[in-house]
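J.: I would like to see how this sequence folds:
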Amino acid sequence: MRGLGSRRERATRASSPARACITDALPVELMPSLLETLPEALIVVDGAGKIIVSNRRARELGAPAASMLVAEWAARSEQLYADDEGTVLTPRDLPLEEALAGTESEDRELVLLRGGSRCVYSVSATPLRDTRGNVRAAVVALHDVTSLANLGTRIRLQSAIATHIGSGIGLVRAEDGRIVYANEAWERMLRYDAGKLVGAHISQVAVLPRDEAPDHRAHEIDQTLSGGGTWKGEIRNVRQDGTSLWCAATLSALDHPEHGPVWILVQTDMTKQKAAEDALRVVEERFRGVFEHAPVGIAIVGTDMRLLNANRVLAEITGYTREELLGRSLTDLTHHDDVALDAELAAQAFGGEIERYRINKRFVTKDGDVVPVALTATYVRDLADRPLHSIAIVEPLTMGRLSALPVKRD
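T.: As a prediction, this is how the structure comes out:
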């Protein structure tokens with residue numbers, strides 16, 4: 001686990017059992033005080049495996065610590081593993097057993113499962129020899145590194161998420177704009193080989209929209225990040241082959257322990273969304289062209305029978321301006337003798353019984369003139385078949401009697 005080893009090494013140098021217990025420089029009367037103040041749990045075991053000395057930290061750890069030392073741990077409720085992969089530790093592999101056999105071990109990471117909880121210890125064991133070199137006892141030091149191990153697990157998990165998440169993620173050094181990290185998703189999005197994005201300048205792959213002033217947008221981003229905020233917008237990326245890729249981007253700032261101030265860039269591919277927007281824009285432009293240049297009057301009417309939109313020809317037929325028509329009811333435009341003429345057909349169309357209907361009726365212009373018209377009405381419905389609005393096509397008539405013609409739905 002990165003970073004953990006160095007801390008353990010410092011702890012080992014500061015309180016290695018061999019160095020802490022066997023020294024001629026320290027007066028004998030100070031030995032007990034020294035043992036009690038050590039940050040690591042310290043336990044001395046004789047050749048028979050009996051604990052003969054333990055310091056305060058070891059007593060605080062209690063049975064779990066002792067169970068990592070004596071061969072009888074297998075008979076307890078604890079389960080001891082050599083790592084998080086589930087490698088079972090046998091009694092002969094215990095650091096204590098190795099030390100009593102004359103082998104010194106340092107910084108062995110052992111995982112203890114006890115009562116549903118998980119504890120991780122860094123264990124060092126040293127044989128204690130007499131003047132003839134025979135092993136008479138062993139001293140074991142334990143350091144609880146559960147929090148560091150959990151941190152390492154979280155870091156590995158977060159790294160795996162960042163690697164495999166669908167969004168492109170990168171770190172950009174604020175000082176020089178160089179990319180210092182790119183996950184696999186961003187590399188795939190930009191069609192770069194693994195590791196090839198690192199070191200590239202961000203301007204090489206990310207370009208602000210052309211319709212925006214780069215200096216203004218750069219200042220906006222800088223102000224947002226300097227204030228601790230998050231910038232969101234759209235960025236056009238340039239793939240390695242020169243093609244473009246539109247992404248929804250989020251930028252935030254972070255102080256990185258190695259690279260200093262960095263920008264966290266998260267991007268989501270908007271290619272399909274942009275294509276759908278472009279297709280919708282084409283449809284809207286076509287509809288707008290038909291709506292504006294059609295030789296007949298067209299009105300978009302809400303479910304309350306009031307006009308939501310009207311084209312130029314309808315304004316010419318009625319004598320009202322387009323602005324005056326908006327919000328006006330079709331009833332307001334209809335001759336009072338013809339108001340009830342299409343009421344039943346409109347109700348049937350609104351209820352879905354018929355698809356559309358056509359009726360000849362009379363409109364009254366703004367100046368009070370009577371204009372015979374043919375009105376064709378159809379309702380636009382949502383996916384649940386509920387009416388959203390109706391489209392009314394109005395054609396002026398020069399002659400002909402009033403009539404009504406429904407068209408049934410398929």
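
J.: only C-alpha atoms for contact and neighbour calcs from this point on.
T.: Will do.

J.: shaky segments in the stretch 1-150 of the chain?
T.: Scanning the stretch 1-150 of the chain for pLDDT under 70 picks out 1-35, 37-39, 61-93, 112-117, 147-150.

J.: nope, the stretch 251-400 of the chain is what I was after
T.: In the stretch 251-400 of the chain, residues with pLDDT under 70: 398-400.

J.: longest helix of the chain, counting residues only.
T.: Determined from DSSP state H, the single longest helix within the chain is helix 271-293.

J.: show me what that one is packed up against.
T.: On a contact count with 3 or more C-alpha pairs under 8 Å, 6 or more residues apart in numbering; DSSP states H and E, helix 271-293 meets strand 244-256.

J.: angle of the strand it packs on against helix 271-293?
T.: Going by axes from the mean of the first three to the mean of the last three C-alpha atoms, to 10 degrees, strand 244-256 is angled at 130 degrees with respect to helix 271-293.

J.: helices or strands up against strand 244-256?
T.: Counting contacts by 3+ C-alpha pairs under 8 Å, 6+ apart, strand 244-256 packs against helix 214-226, strand 231-238, strand 260-269, helix 271-293.

J.: what about it, distance to the chain center?
T.: Here strand 244-256 is found 12 Å from its chain centre; the criterion is C-alpha atoms, centre = their mean, to the nearest Å.

J.: and what of stretch 311-329?
T.: Offset of stretch 311-329 from its chain centre (C-alpha atoms, centre = their mean): 49 Å.

J.: in this structure, which spans are helices?
T.: For the chain, applying DSSP H gives helices covering 4-15, 17-21, 31-37, 56-61, 63-67, 95-100, 146-164, 184-190, 214-226, 271-293, 312-318, 322-325, 330-333, 343-350.

J.: so which bits of the fourth one are buried?
T.: Spelled out, that is helix 56-61. Using 16 or more other C-alpha atoms under 10 Å as the test for burial, helix 56-61 gives 56-58.

J.: pipe those into CSV and attach distance to Glu106 per row.
T.: Formatted as CSV, the buried residues of helix 56-61 follow (distance: C-alpha to C-alpha, whole Å):
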residue, distance to Glu106
Arg56, 21
Arg57, 19
Ala58, 18
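
J.: and of those residues, the nearest to Val205?
T.: Nearest to Val205 among the buried residues of helix 56-61 is Arg57, at 54.9 Å by C-alpha to C-alpha.

J.: my guess is the closest one meets Ile43, correct?
T.: No - under the criterion of C-alpha atoms under 8 Å, Arg57 makes no contact with Ile43, lying 9.6 Å away.

J.: just to revisit the earlier point, can you add mean neighbour count and distance to Met305 and give the helices and strands packed on strand 244-256 back as a markdown table?
T.: Output for these, formatted as a markdown table (neighbours: other C-alpha atoms under 10 Å; distance: least, C-alpha to C-alpha, whole Å):
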| stretch | mean neighbour count | distance to Met305 |
| --- | --- | --- |
| helix 214-226 | 13 | 45 |
| strand 231-238 | 18 | 40 |
| strand 260-269 | 19 | 42 |
| helix 271-293 | 13 | 19 |
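
J.: Serialize these to a markdown table and add fields for distance to Phe363.
T.: As requested, the helices and strands packed on strand 244-256 are exported to a markdown table (distance: least, C-alpha to C-alpha, whole Å):
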| stretch | distance to Phe363 |
| --- | --- |
| helix 214-226 | 53 |
| strand 231-238 | 49 |
| strand 260-269 | 52 |
| helix 271-293 | 20 |
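
J.: excluding sequence neighbours, find me the nearest residue to Ala294.
T.: Leaving aside its sequence neighbours, Ala294 sits nearest to Val313 (C-alpha to C-alpha, 6 or more residues apart in numbering; 7.7 Å).

J.: do you know how far Leu94 is from Glu104?
T.: 11 Å (C-alpha to C-alpha, to the nearest Å).
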